[in-house]
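> the following comprises the amino acid sequence and a computationally predicted model.
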Amino acid sequence: MATAAITAPAAKAKAPAIPFAGRFLRVTHLLFLILVGAQFLPDHASVTDAHTPWLIWSAVGIEAVTIVASLAIKKKEGLDLFLDIVGFIYGFLLLWTLLTAKLALLPAALFPPFGKILAQGAEDAPKILINIKSSVGIILQGFLLALVTAVPLGLFLGWNARLGSAATYLSKFFSSIPPIVYIPYGIALLPSFRSVSVFVIFLASFWPVFAGTMSGVLHVDSRILDSAKVLNVSKPTMLLHIILPASLTQIFLGCNQGLSVSFILLTSAEMIGARDGMGYYVKYYSDFGDYTRTIVGLLVIGIVVIGVTFLVNALQKYLLRWKK
């Protein structure tokens, strides 16, 4: 009697180890050496406060983190991406150094040496942390309020085909209205600038999250829903354990859009009427012509936005890990 051959699935090929040269003999590390070497060139005669040690030690710190990360990252694609980003940072700092401290090709009042920017940022660190806390606190309040209202409402309306069709057009109409135009009403109705800011952030986040939730629900695979109905799954279980997980990709897309708009609106609003926050920090010092602190504020805003976006993306990958 012939025996049936049983074929086992082929084992997933293990990624090849990255050689030493592939980790440490890279253009990124060469750019680091060039950047540090450039700091020992004589400064231009018009530059008296370049604060060169600040830039050198910052570059050394970045390189130390880069070396540790190069040892920890296992995949070549991930290592290449990380080293490319660090290489761009080194190249930017090198170009800034040459155009400011060394050659003075840019106006010193508008473009101070980067070491001076770092020194000023360290000096203002307590003040900056207070402003970051204010800005991020407003973003979190408005965004979380939008999240806890937009997601349940989007699930309910998206689940109802008739109401969902009408709600889709209404969300397109209201989301097309810039949230900043509601500021006069917020000022008239709410007691403080902070409450007005939370209100505007809520509006800026609500419609993208709501639209994303609706889109996710309306595009759930009908075969999944039919299978759940055959199993006689209850409506709460259907919404929370089947439709919600299937809609998470679109929900997070709306979350990212809402966060991006929220940071833009909040920074703009802080530059107009706030007494704290990173937008206020930038506007206050730019009014006095202190462009060193202005650049510090711009860099901090960028870092905060990237940090928040990274956390949201990490949460998205964790919640959607089942899709792998």
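Now that the structure is in, tell me what you want to look at.

> pLDDT wise, what is the closest residue in space to Leu218 that isn't next to it in sequence at?
In this structure, Leu218 finds its nearest non-sequential neighbour in Gly158, 5.4 Å apart by CB to CB, 6 or more residues apart in numbering. Quick note: C-beta positions are derived from backbone N, CA and C, even for glycine. Note for Gly158: predicted pLDDT of 81.

> which other helices and strands contact the strand or helix carrying Gly158?
Assigned by DSSP states H and E, Gly158 belongs to helix 125-159. When contacts are defined as 3 or more CB pairs under 8 Å, 6 or more residues apart in numbering; DSSP states H and E, helix 125-159 packs onto helix 161-175, helix 193-218, helix 244-273, helix 278-287, helix 291-319.

> look at the nearest residue to Val220 once chain neighbours are set aside and report its pLDDT.
Nearest residue to Val220 in three dimensions, chain neighbours excluded: Ala246, at 4.6 Å (CB to CB, 6+ apart). Looking at Ala246, its pLDDT reads 85.

> you'd agree Ala246 is up against Asp221?
Yes. At 7.2 Å, Ala246 counts as touching Asp221 under the criterion of CB atoms under 8 Å.

> which one of those two is surrounded by more residues?
Taking other CB atoms under 10 Å, Ala246 and Asp221 do not tie; Ala246 has more neighbours (17 against 9).

> which residues touch that one?
Taking CB atoms under 8 Å, 6 or more residues apart in numbering, we find Ala246 in contact with 216, 220-221, 224.

> Asp80 sits in which helix or strand?
For Asp80, the host element (DSSP H and E) is helix 76-97.

> coming back round to it: looking at the helices and strands packed on helix 125-159, which is buried most?
Most buried of the helices and strands packed on helix 125-159, by mean neighbour count (mean count of other CB atoms under 10 Å): helix 193-218, with a mean of 24.

> where does pLDDT dip in the stretch 101-250 of the chain?
Along the stretch 101-250 of the chain, segments meeting pLDDT under 70 span 161.

> related to what we said a few turns ago, in helices only, show me the contacts of Ala246.
Secondary structure assignment (DSSP state H) places 216, 224 from these within helices.

> closest to Leu266 out of the contacts of Ala246?
Gly216 (26.3 Å; CB to CB).

> is it true that the closest one touches Ser247?
Yes. Gly216 is within contact range of Ser247, at 2.7 Å (criterion: CB under 8 Å).

> which pLDDT does the model give the nearest residue to Leu103 once chain neighbours are set aside?
By the measure of CB to CB, 6+ apart, the closest residue to Leu103 outside its immediate chain neighbours is His44, 6.2 Å from it. His44 is assigned a pLDDT of 89 by the prediction.

> what's the burial count for His44?
16.

> let's number from 130 now, not from 1
Done: numbering now begins at 130, and the last item shifts to His173.

> name the SS class of it, please.
Under DSSP: H, G, I helix; E, B strand; the rest coil, His173 falls in the coil class.

> try Lys203
Look at Lys203: counting by three-state DSSP, its state is coil.

> just the CA trace of whichever strand or helix holds Gly166, in PDB.
Assessed by DSSP H and E, Gly166 sits inside helix 156-167. The C-alpha trace of helix 156-167 is given here as PDB (Å, rounded to 0.1, in the frame of the first residue of the first chain):
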ATOM      1  CA  VAL A 156      29.300  56.700   5.400                       C
ATOM      2  CA  THR A 157      27.400  57.800   8.500                       C
ATOM      3  CA  HIS A 158      30.400  57.200  10.800                       C
ATOM      4  CA  LEU A 159      32.600  59.000   8.300                       C
ATOM      5  CA  LEU A 160      30.300  62.000   8.400                       C
ATOM      6  CA  PHE A 161      30.600  62.000  12.200                       C
ATOM      7  CA  LEU A 162      34.300  62.200  12.000                       C
ATOM      8  CA  ILE A 163      34.100  65.000   9.400                       C
ATOM      9  CA  LEU A 164      31.600  66.900  11.600                       C
ATOM     10  CA  VAL A 165      33.800  66.700  14.700                       C
ATOM     11  CA  GLY A 166      37.000  67.500  12.700                       C
ATOM     12  CA  ALA A 167      35.200  70.600  11.200                       C
END
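
> report the buried residues of that helix.
157-158, 160-161, 164-165, 167 (16 or more other CB atoms under 10 Å).
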